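>>> Give me the fold of what follows.
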Amino acid sequence: MTAVKVVDASALGAVLFAEPEAESVAARLRGSGLVAPTLLGYEISNVCLTKLRANPAQRADFLMAFGNWSEIGIDLVAVDHEAVLRVAEQFALTSYDASYLWLAQRLGAELVTLDRRLANATGAR
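Below you'll find the model as predicted:
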């Protein structure tokens, strides 16, 4: 049985856009079934947009990397927004970040993130 892991936009962005943490994140994700809240697409497109604006000369590379995200096979899941709100309040997170934590809690899965505040909340579950 394959382990399921919840991946957030910070971790996926590192892999897609070859950030310094890419290899360590990829190693953590390798061989796992990946799941994320449905908002992942919006967040990863915003990461790409931020990179495009900051480094227009790398536009083609960023767009190619962005095009690969849907090929990774991440299962996108709707969340319970009321439950997410409670998690956000409990851990002083945004609702966006709380969506990943709620999903990880619900599935009993590891949350793979580079977001320090979110990572700290996973340890406080």
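>>> show me where the chain has helices.
Counting by DSSP state H, the chain has helices at residues 9-16, 22-29, 40-54, 59-67, 81-91, 95-107, 116-123.
>>> Quick check: which of these is nearest to Thr2?
Nearest to Thr2, of all the helices of the chain, is helix 22-29, at 11.6 Å by CB to CB. C-betas here are computed from N, CA, C, even on glycine.
>>> Where among the helices of the chain is average confidence lowest?
Looking at the helices of the chain, the lowest mean pLDDT belongs to helix 116-123 (a mean of 88).
>>> List the buried residues for it?
For helix 116-123, burial by neighbour count (16 or more other CB atoms under 10 Å) applies to Leu118, Ala121, Thr122.
>>> want to throw those residues into CSV with distance to Phe62?
As requested, the buried residues of helix 116-123 are exported to CSV (distance: CB to CB, whole Å):
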residue, distance to Phe62
Leu118, 24
Ala121, 30
Thr122, 29
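>>> picking that back up, so which of the helices of the chain gets nearest Gly73?
helix 22-29 (10.8 Å).
>>> Packing partners of that closest one?
strand 4-7, helix 9-16, strand 110-112 (3 or more CB pairs under 8 Å, 6 or more residues apart in numbering; DSSP states H and E).
>>> Run through who's touching the last one.
Spelled out, it's strand 110-112. With CB atoms under 8 Å, 6 or more residues apart in numbering as the test, strand 110-112 has contacts from 3, 5-8, 11, 25, 28-29, 100-101, 104, 118-119, 122.
>>> Most neighbours among the residues you listed, which one?
Counting neighbours by other CB atoms under 10 Å, Tyr100 leads the contacts of strand 110-112 with 32 neighbours.
>>> Now do the contacts for the nearest residue to it once chain neighbours are set aside.
Of all residues not flanking Tyr100 in the chain, Asp8 sits nearest, at 4.5 Å (CB to CB, 6 or more residues apart in numbering). Contacts here follow CB under 8 Å, 6+ apart; on that basis Asp8 touches Ala36, Leu40, Glu43, Asp97, Tyr100, Leu111, Val112, Thr113, Leu114, Asp115, Leu118.
>>> In contact with the last one, which residues are there?
Okay, so that is Leu118. Going by CB under 8 Å, 6+ apart, Leu118 touches Asp8, Ser10, Leu93, Asp97, Tyr100, Leu101, Leu111.
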